[in-house]
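J.: Return a 3D structure for these sequence lines:
(2 chains)
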Amino acid sequence: MNRRLLGVLVLVAFTLLAAVTAGAYAGRQATTTTLTMWSYDNQDPGLEPVLKQLSKDFEKSHPGVKINVVFKSFTDLVGTVPRALASGSGPDVTEGNQGYQTDAQLVKAKLILPLTKYIKKYKWDKLYAPSTWGMFRWTPDGKSFGKGPVWGIAQTGQNVVAFINRKKLIAAGINPNKLPRTYAGWERMLATLRAKLPADDPVIEAGNKSGYGFIHIFGGIWGAYVQPQSVRNWVYHVPGSRYDSAGTIKALGRLQAWAKAGYFNDDYNAVQEDAAAGVFAKGKGAMWIGGDWDSTIIKEGLGAKNIVVTPIPPGPGGQWASIGGLSGPWHISAKTKYPDLGAEWLNYVITSTRAKALMFSQQQIPSDKSAKAPAGDAYLGQVSKAFQQVANDDGLLLYTDWASPSMYTTLQNQFQLLLAGRQTPAGMAKAVQDDWAKFDKTLR
Amino acid sequence: MADEGADAARPGEQIPGAPRRRRRGPTRAPGDPRNIGWLYVLPGLAFYVLFTLAPLLHTVYYSLFDWDGLTAKTWVGLANYGEALHDSVLRDSFVHSAILIVYYAVFPVIIGLVLTAALTRSVIRGFRFFRTVLFLPQLIAGVVIAQAWTWIYATEGPLNRFLELIGLGSLARPWLGDFTWALPSIGAIGSWVTFGLCMVLFIAGVQKIPTSLYDAARVDGAGPVREFFAVTLPGLRAEILVAFVLTTINALRSFDIVYNTTAGGPGGSTLVPSMYMYQNAFLYNRVGYAAAIATVLAIAIFLLAAVVLRIGDRGEHQ
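T.: Numbering: from 1, shown residues only, chains lettered A, B, ... in the order given. Sure, this is the predicted structure:
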């Protein structure tokens, strides 16, 4: 009995000791304020070094404040952030993801704050065109997308464009300075490239292992056949919107025809999207179509002078369109003790002159529509111009996977089936619309 | 055991003629389990209840709700199970699992038996070394295995290079991105991982088969094949059973290798139930439905294990 008592006493002693130590630790912490930020902009070169540098600058101008930016992969962050925020020990400020899978959840579960107050304080409303704000708007029940208060703010613009190998254009007899300005001309150019390139060299080096490769490539074709506004309406679940329209089915048919004509490398489903950009940068394929956030990878491989950057040109409507929008939305946790400080940090990393200069230095396009690319960098000028061309034509189609929590997987599977000739364009359109309609019912 | 039980008094019964003595707790015959036994199993039992039984029951409980994992739950009764019954994606994923069982269970057992026959019939130099090396895949984390094999299967990877080298370049393909070959490719990884386990089980089993049986077989003029079927195989019945149960369970709940090689692609052709469960819980915000899938999967595993053991039992009585 005595021995047991002794054991209990030892245990109690240790518990007390631990409590005292923890208390002392907490006491010491109180002198500095630590803010934790979660980001999936972990590309280096890219946004990671930008955020790190800006946070250091912020710490210098705010003595006693420590900014702890935690970088995670996209899937890691999106898969864990709702529960981390709900637990109360999550980040103070974090990126989410537009759409029903993540942001709708965060809003509905009251895990993030509306930014109305800060938009007024920092005049953020001037950053983007009014229609652009739609991707951050939600009604507080998380049901209506594109309406209601603003819950997020983004750092960079994103756009899916074609990066073309200049030497291969010249070798095929195409003038790199006079690229087609219509979709029909674009199709003729692809056919010429296929005819002139060696059989084992793809016209388009594609990666689709994670499943977003063809979601992105398809945007440019899609935009040539449908009104960009109808695509955005569909993403926002505007009643009556449909995916299985005649235009979409025709566009899907074109993508399938590209595959049949042998425009793509045959291992696209086994290659990661970013990895394909790397393969292209090493000289394989005549072009790579993907996000401009990978432009540094391509520049470092092929050299800035050997690359032409352009969105896929428009159809008869004449409106330039591509998959794109703004980068991941930054949110302020509803449970943070320092919401104002978090907003101040956001304002600094998004709107300051220093921030924009750092972003441009990494070939990232600041989301602020007034930002001007520094003169003298022709490559950056091309990337920036491609974004402006689409953005100013109101042709950013957003990301179609935002339309429902399961849309990403549905599109991934359907595009893989379509490209392999195991699904018809009409069949795919129906499958995608069914997913949309099933989720749409839960919103009414 | 049965005889002993009949003779011994039940706890609480007075044994005639025994001296009356005050005891704490019920009276107990000598040899009967003492209650203090419970104290010994308590730590293990506590862990089992806390970390296995409780989560299991919790999962079943969640499966009765429509729940996104964050906001309030809505009671839906058995609706999630109703949906699972008609979900063609879930059905396909079970078909894929069934195919994987062939690779995870049937092939490894066959390979393990062949290797056992080869390794035990004659003394091989470096036997221990081979045994260790062949067992090694069991000890490597699934993620590492998946990464290594993704590299082996890559378009420019060693497998395709080897095929080209031996003049079979026409067979080279992006294995994990191919609709027809992705699932068998994952299956092959499973076979590679599990055959070592089967082999070690069988080698241990062979050592308890009396050598006199082998001598008798040889005297009767049995060759190596006959000897294998007449002596080794029947002698290893218990081990084969254990191997089948373990590997079948492995096949059904395989997640790490699928997630890290194809994540269910291309076009859902390698989607397995555990992967689908993950998608529902963490991507589609459908925790209730994911819990229902988990419960269905657990029941399927129980049933399959029971069937395998039943078949084994029947064999024993014949």
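
J.: In three-state terms, label B:Ile186 for me.
T.: Recorded secondary structure, B:Ile186: helix (DSSP: H, G, I helix; E, B strand; the rest coil).

J.: isn't it right up against B:Val102?
T.: No. Under the criterion of CB atoms under 8 Å, B:Ile186 makes no contact with B:Val102, lying 12.0 Å away. (Each C-beta comes from the backbone N, C-alpha and C, glycine too.)

J.: Look at the two and report which has more neighbours.
T.: Between B:Ile186 and B:Val102, B:Ile186 has the larger neighbour count (other CB atoms under 10 Å in any protein chain shown), namely 26 against 14.

J.: mind checking how far the more buried one is from chain A?
T.: Using CB to the nearest CB, to the nearest Å, one gets 13 Å for the distance from B:Ile186 to chain A.

J.: Check that residue and give its pLDDT.
T.: According to the prediction, B:Ile186 has pLDDT 96.

J.: list the contacts for it?
T.: B:Leu100, B:Tyr103, B:Leu176, B:Ile257, B:Val258, B:Thr261, B:Thr262, B:Thr270 (CB atoms under 8 Å, 6 or more residues apart in numbering or on different chains).

J.: Which single one of these is nearest to chain A?
T.: Using CB to the nearest CB, B:Leu176 comes nearest to chain A of the contacts of B:Ile186, at 5.1 Å.

J.: List phi and psi for the closest one.
T.: Here is the backbone geometry of B:Leu176 (degrees, to the nearest 10): phi -80, psi -10.

J.: Might one say that it is in contact with B:Thr261?
T.: Yes. Here B:Leu176 lies in contact with B:Thr261, judged by CB under 8 Å, at a distance of 5.5 Å.

J.: Give me the subset of the contacts of B:Ile186 lying in helices.
T.: B:Leu100, B:Ile257, B:Val258, B:Thr261 (DSSP state H).

J.: thought the first one was touching B:Gly190?
T.: Spelled out, it's B:Leu100. Yes. The pair B:Leu100 and B:Gly190 passes the contact test of CB under 8 Å, sitting 6.2 Å apart.

J.: any common contacting residues for those two?
T.: By CB under 8 Å, 6+ apart, B:Leu100 and B:Gly190 have these common neighbours: B:Ala251, B:Ser254.

J.: that older thread, now the ones in helices among the contacts of B:Ile186 in JSON lines, with neighbour count, distance to chain A and pLDDT?
T.: Formatted as JSON lines, those follow (neighbours: other CB atoms under 10 Å in any protein chain shown; distance: CB to the nearest CB, whole Å; pLDDT from 0 to 100):
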{"residue": "B:Leu100", "neighbour count": "25", "distance to chain A": "19", "pLDDT": "95"}
{"residue": "B:Ile257", "neighbour count": "24", "distance to chain A": "16", "pLDDT": "93"}
{"residue": "B:Val258", "neighbour count": "27", "distance to chain A": "14", "pLDDT": "94"}
{"residue": "B:Thr261", "neighbour count": "24", "distance to chain A": "10", "pLDDT": "92"}
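
J.: quick one: contacts for A:Val309?
T.: A:Val309 neighbours (CB under 8 Å, 6+ apart): A:Val161, A:Ala162, A:Phe163, A:Ile164, A:Asp292, A:Ser295, A:Tyr379, A:Gln382, A:Val383, A:Lys385, A:Ala386.

J.: Name the nearest of those relative to chain B.
T.: Comparing these against chain B with CB to the nearest CB places A:Phe163 closest, at 21.0 Å.

J.: Can you tell me the element the closest one falls in?
T.: Using DSSP states H and E, A:Phe163 maps to strand A:156-165.

J.: now the helix or strand following that strand: mean pLDDT?
T.: Next helix or strand after strand A:156-165 toward the C-terminus (DSSP H and E): helix A:166-171. Helix A:166-171 carries an average pLDDT of 96.

J.: same thing with stretch B:202-217?
T.: 90.

J.: From B:Asn280, how far off is the nearest residue to B:Tyr276 once chain neighbours are set aside?
T.: Leaving aside its chain neighbours, B:Tyr276 sits nearest to B:Ser93 (5.0 Å; criterion: CB to CB, 6 or more residues apart in numbering or on different chains). When distance is defined by CB to CB, to the nearest Å, B:Ser93 is 11 Å away from B:Asn280.

J.: Which residues of the stretch 101-250 of chain A lie near chain B?
T.: By the rule CB under 8 Å from any CB of the partner chain, the part of the stretch 101-250 of chain A lying against chain B is A:Gln101, A:Gln105, A:Lys108, A:Ala109, A:Leu111, A:Lys209, A:Ser210, A:Gly211.

J.: any idea which of the residues you listed is closest to chain B?
T.: Chain B has its nearest neighbour among these in A:Ala109, at 3.9 Å by CB to the nearest CB.

J.: Now for that closest one: which residues touch it?
T.: With CB under 8 Å, 6+ apart, A:Ala109 has these contacts: A:Pro82, A:Ala86, A:Gly142, B:Asp68, B:Leu70, B:Thr71.

J.: Can you report how many residues lie near B:Ala118?
T.: By other CB under 10 Å, the residues close to B:Ala118 number 12.

J.: ok, residues contacting the helix or strand hosting it?
T.: Here B:Ala118 sits within helix B:107-121, counting by DSSP H and E. When contacts are defined by CB under 8 Å, 6+ apart, helix B:107-121 is touched by residues B:127, B:130-131, B:134, B:187, B:190-191, B:194-199, B:201-203, B:206, B:224, B:228, B:232-233, B:236, B:240, B:243-244, B:247.

J.: Redo the contacts of A:Val309 as CSV? Include neighbour count.
T.: Below are the contacts of A:Val309 laid out as CSV (neighbours: other CB atoms under 10 Å in any protein chain shown):
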residue, neighbour count
A:Val161, 28
A:Ala162, 22
A:Phe163, 27
A:Ile164, 26
A:Asp292, 26
A:Ser295, 28
A:Tyr379, 18
A:Gln382, 20
A:Val383, 26
A:Lys385, 15
A:Ala386, 24
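
J.: which one of these sits closest to A:Pro425?
T.: The closest of these to A:Pro425 turns out to be A:Ala162 (CB to CB; 22.1 Å).

J.: partners of the closest one in the sheet?
T.: On the basis of DSSP bridges, A:Ala162 is bridged to A:Ile289, A:Thr310.

J.: can you pull the contacts of it?
T.: Counting by CB under 8 Å, 6+ apart, A:Ala162 touches A:Gly220, A:Met287, A:Trp288, A:Ile289, A:Val309, A:Thr310, A:Pro311, A:Ile312.

J.: Return the closest of these with respect to A:Ile174.
T.: A:Met287 (11.3 Å).

J.: show me what contacts the nearest residue to that closest one once chain neighbours are set aside?
T.: Using CB to CB, 6+ apart and skipping the chain neighbours, the partner closest in space to A:Met287 is A:Ile164 (4.4 Å). By CB under 8 Å, 6+ apart, the residues touching A:Ile164 are A:Pro176, A:Leu179, A:Ala286, A:Met287, A:Ile307, A:Val308, A:Val309, A:Thr310.

J.: B:Val193 - nearest residue in space that isn't next to it in sequence?
T.: Nearest non-adjacent residue to B:Val193, counting by CB to CB, 6+ apart: B:Pro137, 4.6 Å away.

J.: Having no further points to raise, I will conclude here.
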